[in-house]
Structures are given as C-alpha cells and as structure tokens.
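# okay, sequence plus prediction incoming.
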Amino acid sequence: MPRFIVDECTGMSVVIFLCAQGYDTISVSETMPQAVDVDILQRAVTDNRIVVTNDRDFGDMVFRDRRAHRGIILLRLSDDLPATKLHVLDAVLKEHLERLTDHFVVVTEDNIRIRSRI
C-alpha cells in the first residue's frame, strides 16, 4: 500500500482524507514546516512516500533536474477548494492506485495523466 507525504500548500483536508482511508500519511506542515521542495522530495525518497502537492516546481525537479522520487501527485485544479481536491484524489486512488508508485501523476478536474519515472 502506498505511503504519502502531503505538501503544505495542499492542505490538511488531504492529510485527514488519506489517513481516514487507511493510508500511512504525513503532513509537511506538521513534520517539517516551511521546508523547501528539495528537502520534501528527499524526505519522500528516504521514507518511500508519494508526494501530494499543488506545487508545479516538483515537475521541474523531476523532469528538468532529474531528481529521484517515489511518485508525485500534482493537483492542477482551477477550483482549489478542499472538496475538489478530495474528489479528484479519491478518483485517482480508486482508478490508478497500482500505478502511483514511481510515477508522476497530473490531476485536473477532467483528466488524470500518468507519466513513467525517468
């Protein structure tokens, strides 16, 4: 079962949702407040966790800088309300759970795009 680390920008509602679903989940805001993205990514690799974020900088780190990762879920939502985040994340988990580890997943309200790890 995948483990998650949720970026501060994504919010506690996502942390609470993932924990309620039974996933081992930690929150950046609780465990490493105001951490820079590189440190979050390193923690995710060390702890074998998938990053859940709204921050596009993770795409640059993975594809441009070729940094290691264990999986990224990037929420690119035009409606950034917690209910929208939970709705799309629920869809990702129900439809693609087995493909999250070691993949870069971009989620919009209408689409889930999964790219293999480089």
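Nice, thanks for sending it over.
# switch to C-alpha atoms for all contacts and neighbour counts from now on
Fine.
# neighbours of the residue nearest to Ser13 when sequence neighbours are not counted, how many?
Spatial nearest neighbour of Ser13, excluding adjacent residues (Cα to Cα, 6 or more residues apart in numbering): Pro82 at 6.3 Å. Look at Pro82: counted by other Cα atoms under 10 Å, it has 13 neighbours.
# centroid residue for this structure?
In the chain, the residue lying closest to the centroid (Cα atoms, centre = their mean) is Val52, at 1.5 Å.
# that one: what secondary structure?
Assigned state for Val52: strand (three-state reduction, DSSP: H, G, I helix; E, B strand; the rest coil).
# just the one 10 residues further on next, same as before
For Val62, the assignment made with three-state DSSP gives helix.
# need the helices for this structure, in chain order.
With DSSP state H as the criterion, the chain has helices at 12-20, 28-31, 37-47, 57-59, 82-96.
# what bits of this structure have low per-residue confidence?
Residues of the chain that meet the criterion pLDDT under 70 lie in 117-118.
# possible to save the helices of the chain as TSV with distance to Ile5?
Listed next are these as TSV, based on distance: least, Cα to Cα, whole Å:
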stretch	distance to Ile5
helix 12-20	8
helix 28-31	7
helix 37-47	7
helix 57-59	13
helix 82-96	14
